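In: Have a look at this fold, sequence not included:
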């Protein structure tokens, strides 16, 4: 490759130095976009969804990550296939055995770094612990760009004891963290409590103000364009595209403001205040997800169970007596392992209750569970050693032909993002790739 500089071309291109203050005047409003609820996805791809609602029933997704995982010997079955013998943890879910598939030998290629990997559970962005790491779009937000406009709330990002501003399963296309909502009462209000006419008018005013701000930002960005070099012009073009997408989201949000919210019999929950009430919080967040799906208020929910950030939690009203994170580094201590087993079994009971709740609800002659994909797993295969391979994964519902135990190579793991591609296709989104996928999930097909 020649190192010669093309000096004539260089002379004909005059790029004036752009003072930082001028740039901030032109694009500084972008720093305030989260205040305009820009953390929810734009609807730019909604027109390109593969199937309309009239062509297929609505499909939902709940993705749950417990960032301290589960004790592997108690989770993974020793046999494979449909007739596998359930492990101690899966024995708790035996009545739902035909409704889920347990995966072993799966992971995200190149996602390492131990605890930081929880931020990549739904993105599969590589090397989250490295300097300069930048995340990518999460599975739920990718889907929301296609189907988010179909519901009042495009997606719900929930958390239990999540470290605010540092941990989330949901990330925008620009790799920006979407904060977890940790108060069930706030979720309930957003989904079901109708504001007064005055409050609705005020919200619409704020939305329109947001649209006017977007117009101003786009105009200022256009003014800047002529004084920038090629790379910066490309960045401005990308920025203007993002502004247009946000304007579309704001228009859609305004339309929803004038529609009445669903009426339900479930009362607004009280928010547990103590982090030790971890399991109670999990149960309430599962309840909020179920209600969102049942009323078709949202079809995409993520839930981060930030066990790393949890203290000595309570199981059946009794304190476990040690911090959750400390227990995960058990060093094969029988006392710690016994306490971890009690926690893991409580998780399985909560999950079983969720499966039962979704299976008990009927929608157009089908169980809601058959229209809801429930992904439960962890970014850690072994929290004791911070291993990010051989992840414990349960995948339930969604109208799939479940295969019992799908066992892949424990040494050369199968890419978990392949499951994400299958999930996207199940939601009617035409794609054959997501992150580091190599195709759809092998051995797991839709029911006819």
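Out: Here it is on my side, so go on. The structure displayed is predicted, hence computed values, not measured ones. Numbers count the residues shown, from 1 in each chain.

In: dump the residue contacts of residue 96.
Out: Contacts here follow C-beta atoms under 8 Å, 6 or more residues apart in numbering; on that basis residue 96 touches 352, 355, 356, 359, 396. (C-beta placed from N, C-alpha, C; glycine too.)

In: Now do the last one against residue 100, distance only.
Out: Okay, so that is residue 396. Computed as C-beta to C-beta, to the nearest Å, the residue 396 to residue 100 distance reads 4 Å.

In: Now for those two: what residues contact both?
Out: The contact sets of residue 396 and residue 100 overlap at 355, 374, 402 (C-beta under 8 Å, 6+ apart).

In: mind listing which of those residues are in helices?
Out: Judged by DSSP state H, these include residue 355 as members of helices.

In: Just give me the closest of the shared contacts of residue 396 and residue 100 to residue 307.
Out: When the shared contacts of residue 396 and residue 100 are ranked by distance to residue 307 (C-beta to C-beta), residue 374 comes first, at 18.7 Å.

In: Identify the bridge partners of that closest one.
Out: Counting by DSSP bridges, residue 374 is bridged to residue 62, residue 396.

In: care to break the chain down by domain?
Out: Annotated domains of the chain cover 26-37+197-260, 57-193+269-446 [automatic domain parsing].

In: weakest of these by average pLDDT?
Out: When the domains of the chain are compared on average pLDDT, domain 26-37+197-260 comes out lowest at a mean of 57.

In: Serialize the contacts of residue 96 to TSV and add fields for neighbour count.
Out: Rendered in TSV, the data for those read as follows (neighbours: other C-beta atoms under 10 Å):
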residue	neighbour count
352	15
355	21
356	12
359	18
396	24
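
In: End to end on stretch 76-87, go ahead and measure it.
Out: Using C-alpha to C-alpha, to the nearest Å, the end-to-end distance of stretch 76-87 comes to 6 Å.

In: buried set for that stretch?
Out: Neighbour counts over stretch 76-87 (16 or more other C-beta atoms under 10 Å) mark 76, 77, 84, 86, 87 as buried.

In: Would you map the helices across this structure?
Out: Listed in chain order, the helices of the chain (DSSP H) span residues 7-12, 20-27, 72-75, 88-91, 139-147, 184-192, 197-225, 230-257, 278-294, 324-328, 334-360, 417-426.

In: which residues are contacting stretch 349-361?
Out: The contact list for stretch 349-361 (C-beta under 8 Å, 6+ apart) reads 92-93, 95-96, 99-100, 279, 282-283, 286-287, 289-290, 293-294, 367-369, 372, 374, 376, 394, 396-397.

In: I should have written stretch 364-371 there, sorry.
Out: Residues outside stretch 364-371 that contact it (C-beta under 8 Å, 6+ apart): 57-60, 99, 290, 293-294, 355, 358-363, 396-399.

In: Now do the buried residues in that stretch.
Out: For stretch 364-371, a neighbour-count test (16+ other C-beta under 10 Å) marks 367, 368, 369, 370, 371 as buried.

In: ok, of these, which one's closest to residue 261?
Out: residue 368 (19.3 Å).

In: which residues touch residue 386?
Out: Listed by C-beta under 8 Å, 6+ apart, the contact set of residue 386 reads 114, 115, 380.

In: measure it to residue 322 for me?
Out: With distances defined as C-beta to C-beta, the gap from residue 386 to residue 322 amounts to 19 Å.

In: Now for the closest residue to residue 299 other than its chain neighbours: which residues touch it?
Out: Here the nearest residue to residue 299 in space, its sequence neighbours aside, is residue 60; by C-beta to C-beta, 6 or more residues apart in numbering that works out to 4.4 Å. For residue 60, the contacting residues are 293, 299, 300, 301, 371, 372, 373, by C-beta under 8 Å, 6+ apart.

In: Residue 271 too?
Out: With contact taken as C-beta under 8 Å, 6+ apart, residue 271 is in contact with 183, 184, 185.

In: quick one: which of the residues you listed is most hemmed in?
Out: In terms of neighbours by other C-beta atoms under 10 Å, the contacts of residue 271 top out with residue 184 at 23 neighbours.

In: My guess is that residue contacts residue 287. True?
Out: Yes - here residue 184 reaches residue 287: they are 7.4 Å apart, a contact under C-beta atoms under 8 Å.

In: Need the residues touching each of the two.
Out: Common contacts of residue 184 and residue 287 (C-beta under 8 Å, 6+ apart): residue 269.

In: what's around residue 181, how many residues?
Out: Taking other C-beta under 10 Å as the criterion, the count of residues near residue 181 is 17.

In: Would you enumerate the residues in contact with it?
Out: Counting by C-beta under 8 Å, 6+ apart, residue 181 touches 156, 157, 158, 159, 187.

In: can you check residue 188 too?
Out: Taking C-beta under 8 Å, 6+ apart as the definition of contact, the neighbours of residue 188 are 268, 269, 288, 291.

In: Could you report the separation of it from residue 360?
Out: Using C-beta to C-beta, one obtains 20 Å as the distance from residue 188 to residue 360.

In: Please apply the same query to residue 425.
Out: As defined by C-beta to C-beta, residue 425 lies at a distance of 27 Å from residue 360.

In: Compare neighbour counts for these two and give me the winner.
Out: It is residue 425, of residue 425 and residue 360, that has more neighbours when counted by other C-beta under 10 Å, with 17 against 11.

In: Quick check, that one in contact with residue 441.
Out: No - in this structure residue 425 lies outside contact range of residue 441 using C-beta under 8 Å: 9.7 Å.

In: picking that back up, out of the contacts of residue 181, flag the one nearest to residue 448.
Out: The closest of the contacts of residue 181, once distances to residue 448 are taken by C-beta to C-beta, is residue 156, at 30.8 Å.

In: Chain neighbours aside, what residue packs nearest to the closest one?
Out: Using C-beta to C-beta, 6+ apart and skipping residues adjacent in sequence, the residue nearest residue 156 is residue 301, 4.5 Å away.

In: hey, what's the one you found bridged with?
Out: In this structure, residue 301 bridges to residue 62, residue 156 when assessed by DSSP bridges.

In: repeat for residue 319
Out: The residues listed as beta-bridge partners of residue 319 by DSSP bridges are residue 314.

In: ok, back up a step: is it possible to mark the buried ones in the contacts of stretch 349-361?
Out: With neighbours counted using 16+ other C-beta under 10 Å, the contacts of stretch 349-361 contain these buried positions: 92-93, 96, 99-100, 279, 282-283, 286-287, 289-290, 293-294, 367-369, 372, 374, 376, 394, 396-397.

In: who's in contact with residue 435?
Out: Residue 435 makes contact with 108, 123, 124, 125, 136, 417, 420 under the criterion C-beta under 8 Å, 6+ apart.
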